[in-house]
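Peer 1: here is my input, please return the structure:
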Amino acid sequence: ETLRKWMAEAGIRLSRKERRTLPRQRLHRAASGELVQIDGSEHRWFTERGGPCTLLVFIDDATGKLQQLRFVKSESTFSYFEALDLYLKAHGCPVAFYSDKHTVFRVAKAEARAGRGMTQFGRALAELTIEILCANSSQAKGRVERVNRTLQDRLGEEMRLAGVSDIETATAFLPVFTTSFNQKFAKVPARPDNLHRALNVAPNRLRDVLCKREQRYVGQQLSFSYERKQIILEKNDISCGLVGKYVDIHEFANGQLEV
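Peer 2: Numbers count the residues shown, from 1 in each chain. Down below sits the predicted model:
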């Protein structure tokens, strides 16, 4: 909009086709919980005091409120599962998440169909009846990108002053920072409704949703392949009945496998 105003004042006229190509700012959603932007900000958060890491940022589109911050070593399916678990328990289920096209959120190759064309994260959200929207460019999710830059300045400086120099200490520091940040920068939404739904999922059921899930064929030797490993089941009445069948594999963040 600023660009259009400047061009008008400068007497610059564009053709109708050129006007259609100018970027238009996406309007904020009206109510809290209607759309939550998620992103990972890789940065040297501790400057020379520690190595680089990633801050996972969940920000409500209607209010600009930081809903969840979590330091992790890098963006991965499991790191987002752990952050999502905390988010759901604190706020409930939003209508939709808005992300970039990181491979955690979007199947990069058309032939990758293990999850019916969805990533593990997308499959988990579908089971929780939460929509996932992928931005076509970093500009399309500019709000969370701008917040990332602000956090790199403000959060990085406040952690330096507080002597925070590792992920563990930073994790304990984040709640106080988040409260202060929201008091300064969050805004009142157009509508007072909170569209988050209650998380009506038992803890053991949620555990089975927020994990990697695959199916594998059990051969004559009671074995199946998984992540370049050959796994042999213990021989008993149950496992012997699985020969020639497919089994569900659940992999958890701690490396545990359940068949």
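
Peer 1: can I assume Leu56 is in contact with Leu84?
Peer 2: No. Leu56 is not in contact with Leu84 according to CB atoms under 8 Å; the separation is 9.3 Å. No exception for glycine: its C-beta is placed from N, CA and C like everyone else's.

Peer 1: the two: who's more crowded?
Peer 2: Of the pair Leu56 and Leu84, Leu84 is the one with more neighbours under other CB atoms under 10 Å, namely 24 against 21.

Peer 1: how many neighbours does Leu55 have?
Peer 2: Leu55: 22 neighbours (other CB under 10 Å).

Peer 1: now do the contacts for it.
Peer 2: Gly40, Ser41, His43, Trp45, Leu69, Arg70, Phe71, Val72, Asn148, Leu151, Leu155 (CB atoms under 8 Å, 6 or more residues apart in numbering).

Peer 1: closest to Arg216 among those residues?
Peer 2: Comparing the contacts of Leu55 against Arg216 with CB to CB places Val72 closest, at 28.1 Å.

Peer 1: what residues does the longest helix seen in the chain touch?
Peer 2: Longest helix in the chain, counting residues (DSSP state H): helix 142-162. By CB under 8 Å, 6+ apart, the residues outside helix 142-162 that reach it are 25, 37-39, 41, 43, 45-47, 49, 55, 57, 59, 61, 64, 66, 69, 98, 138-139, 165, 170, 173, 177, 181.

Peer 1: and the strands in this structure?
Peer 2: With DSSP state E, the ranges of strands along the chain come out as 36-43, 53-60, 66-72, 96-99, 131-134, 212-217, 223-226, 229-232, 246-251, 257-258.

Peer 1: can you redo the ones you listed as TSV with distance to Ala198?
Peer 2: Formatted as TSV, the strands of the chain follow (distance: least, CB to CB, whole Å):
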stretch	distance to Ala198
strand 36-43	16
strand 53-60	17
strand 66-72	16
strand 96-99	17
strand 131-134	17
strand 212-217	24
strand 223-226	35
strand 229-232	38
strand 246-251	25
strand 257-258	27
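
Peer 1: and Ala83, how far is that from Ser223?
Peer 2: Distance, Ala83 to Ser223, by CB to CB, to the nearest Å: 35 Å.

Peer 1: likewise for Phe81?
Peer 2: Relative to Ser223, Phe81 is positioned 28 Å away (CB to CB).

Peer 1: appreciated, that's everything.
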